[in-house]
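Visitor: Let me see the structure of the following:
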Amino acid sequence: MEKVISSERIPVKMWLNEIEDGALEQAKHLANLPFAFRHVAIMPDSHTGYGMPIGGVLATKGVIIPNAVGVDIGCGMCAIKTHLTHIEHDDLHSLVDRIKELVPVGFNWHEKPCHAENMPGRKSESCMPIVYRQFEKARHQLGTLGGGNHFIEIQSGNDGYVWIMIHSGSRNIGKVVADYYNEIAVDLNGKWFSQVPKEWQLAFLPMDSQEAKQYRSEMEYCVEFALANREMMIEQIKRAFHDVLGVEFDDYDDLINIAHNYAAMECHFSQNVMVHRKGATQARQGQIGIIPGSQGTKSYIVRGKGNPESFMSCSHGAGRKMGRRQAIRELKLEEEQALLDKQGVIHSIIEAKDLDEAPSAYKNIDIVMDNQKDLVDIVVELSPLAVLKG
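Guide: Next up is the predicted model:
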């Protein structure tokens, strides 16, 4: 249940007991925006971001804020249940090796571009100038994982089946779009002598402006690209399953997909508002979603409860409790490896530089899930078998 802070222009409603100072300060900035609507919702995985805390939900009237979406536009999760009930450990190693051959990770791209028809459809160049400039480069990036906290996992569900899960986004095209329109917003807000302080990093675009219309078109394209990216990786993972295990996918269930970095016009409290979700996922009544844990911890398939107080949203994961540099500086490689090895998880903590994605760098997913019992119900609990990261 939410905790309410009522000291700002509009309330801040939080689904967590403790929040770091930086994230709380950012949440208060959101609540003091003149166009912020009703209240600000902070999810249980929240931590400091750029301008807006990760795990934040902001509804606005009349404006859209590029930094309230973030640089990895359309980043999200997909999951698919297989008909397998078990995979031998040696086969898991072979499967991970084959996936690495088929799916570029980190800064790597495909040498050959994908077919243009595999890319999402475009509007006119005047509506999407950045997409047109980045289109050919993006063709090489479709079907690639990226780095950071993006991952591919093979998981065992408490429903008795093996699952495949992917966390990835819009690669470079999303970042270029985000940076381009944020810079425009910063420049315009300066010319307008905006009452929103520049240091808040929350420059906005009026919804009826040409710049906002272009940003929405390009943002929505990046959301579609991110989904197409995950779908292509799923196809490559299916190929790996076939190559290693001889498995066919004709009888597999439908793909579950949910994005967690985007803005969309929605109706809440009888008002049409622009809902920005930055590290938060939609959780409408009955909607199936995905909440991953950290590397080596459980993930969840969930069903939304449509709680209006969270703008029908929930967390997008466990959430960081340590910054990347802090994790590399303070965590012990042998201890983090031992934690994963004890569970029998094929993991990606190989060197000290990988500690930024160690389990101890993240919040306890059990606490995160307990804090949002009024937002989602758990449908399937998933335990990691093998993890591939960039």
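
Visitor: ranges for the strands of the stretch 101-250 of the chain?
Guide: Applying DSSP state E, counting those that start in this stretch to the stretch 101-250 of the chain gives strands spanning 151-157, 162-168, 205-206.

Visitor: Quickly run through the sheet partners of the second one, with directions.
Guide: Taking DSSP bridges as the criterion, strand 162-168 forms sheet pairs with strand 76-81 (antiparallel), strand 151-157 (antiparallel).

Visitor: circling back to that earlier point, between the strands of the stretch 101-250 of the chain, which gets nearest to M232?
Guide: strand 162-168 (10.2 Å; Cβ to Cβ). Backbone N, C-alpha and C define where each C-beta goes, glycine included.

Visitor: coming back round to it: can you redo the strands of the stretch 101-250 of the chain as TSV with mean neighbour count and distance to P11?
Guide: Formatted as TSV, these follow (neighbours: other Cβ atoms under 10 Å; distance: least, Cβ to Cβ, whole Å):
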stretch	mean neighbour count	distance to P11
strand 151-157	23	35
strand 162-168	24	31
strand 205-206	19	25
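
Visitor: Present the ones you listed as CSV; the columns should include mean pLDDT and distance to R320.
Guide: As requested, the strands of the stretch 101-250 of the chain are exported to CSV (pLDDT from 0 to 100; distance: least, Cβ to Cβ, whole Å):
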stretch, mean pLDDT, distance to R320
strand 151-157, 97, 14
strand 162-168, 97, 14
strand 205-206, 98, 29
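
Visitor: Kindly reformat those as TSV and extend each row with distance to M52.
Guide: Listed next are the strands of the stretch 101-250 of the chain as TSV, based on distance: least, Cβ to Cβ, whole Å:
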stretch	distance to M52
strand 151-157	24
strand 162-168	20
strand 205-206	15
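
Visitor: Out of these, which gets nearest to G344?
Guide: Between the strands of the stretch 101-250 of the chain, strand 151-157 lies closest to G344; by Cβ to Cβ that is 10.5 Å.

Visitor: model confidence over the lengthiest strand in the chain, on average?
Guide: If you go by DSSP state E, the chain has its longest strand at strand 376-389. Mean per-residue pLDDT for strand 376-389: 96.

Visitor: Only C-alpha atoms, please: export the helix or strand of the chain with the lowest mean pLDDT in CSV.
Guide: Within the chain, no helix or strand scores below helix 333-342, which has a mean of 88 by mean pLDDT, DSSP states H and E. Presented in CSV, the C-alpha positions along helix 333-342 are these (Å, rounded to 0.1, in the frame of the first residue of the first chain):
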residue,chain,number,x,y,z
LEU,A,333,33.8,-11.1,-7.0
GLU,A,334,34.3,-14.5,-5.2
GLU,A,335,31.3,-13.9,-2.9
GLU,A,336,28.9,-13.0,-5.8
GLN,A,337,30.1,-15.9,-7.9
ALA,A,338,29.7,-18.3,-5.0
LEU,A,339,26.2,-17.1,-4.4
LEU,A,340,25.2,-17.9,-8.0
ASP,A,341,27.3,-21.1,-8.2
LYS,A,342,25.5,-22.4,-5.1
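
Visitor: Report the angle between that helix and strand 376-389.
Guide: Taking axes from the mean of the first three to the mean of the last three Cα atoms, to 10 degrees, one finds that helix 333-342 is oriented at 120 degrees with respect to strand 376-389.

Visitor: Same question for helix 333-342: list its buried residues.
Guide: The neighbour-count check on helix 333-342 (16 or more other Cβ atoms under 10 Å) flags L333, E336, Q337, L339, L340 as buried.

Visitor: which residues sit in contact with K363?
Guide: Contact partners of K363, counting by Cβ atoms under 8 Å, 6 or more residues apart in numbering, are D45, S294, A318, G319, R320, K321.

Visitor: which one of these is nearest I130?
Guide: Looking across these and measuring by Cβ to Cβ, the closest to I130 is R320, at 28.9 Å.

Visitor: Burial check on that closest one, number of neighbours?
Guide: When neighbours are defined as other Cβ atoms under 10 Å, R320 has 24 of them.

Visitor: Excluding chain neighbours, give the residue nearest to F311 in space.
Guide: Nearest residue to F311, sequence neighbours excluded (Cβ to Cβ, 6 or more residues apart in numbering): V57, at 4.9 Å.

Visitor: ok so the one you found is a strand residue?
Guide: Yes: counting by DSSP: H, G, I helix; E, B strand; the rest coil, V57 falls inside a strand.

Visitor: For it, which residues count as its bridge partners?
Guide: Under the criterion used (DSSP bridges), V57 bridges to A41, R277.

Visitor: Distance check, it against M14.
Guide: Distance of V57 to M14, given as Cβ to Cβ, to the nearest Å: 11 Å.

Visitor: residue contacts, the residue nearest to F311?
Guide: Going by Cβ under 8 Å, 6+ apart, the list of residues near V57 reads V40, A41, I42, M43, V275, H276, R277, K278, A280, S310, F311, S313.
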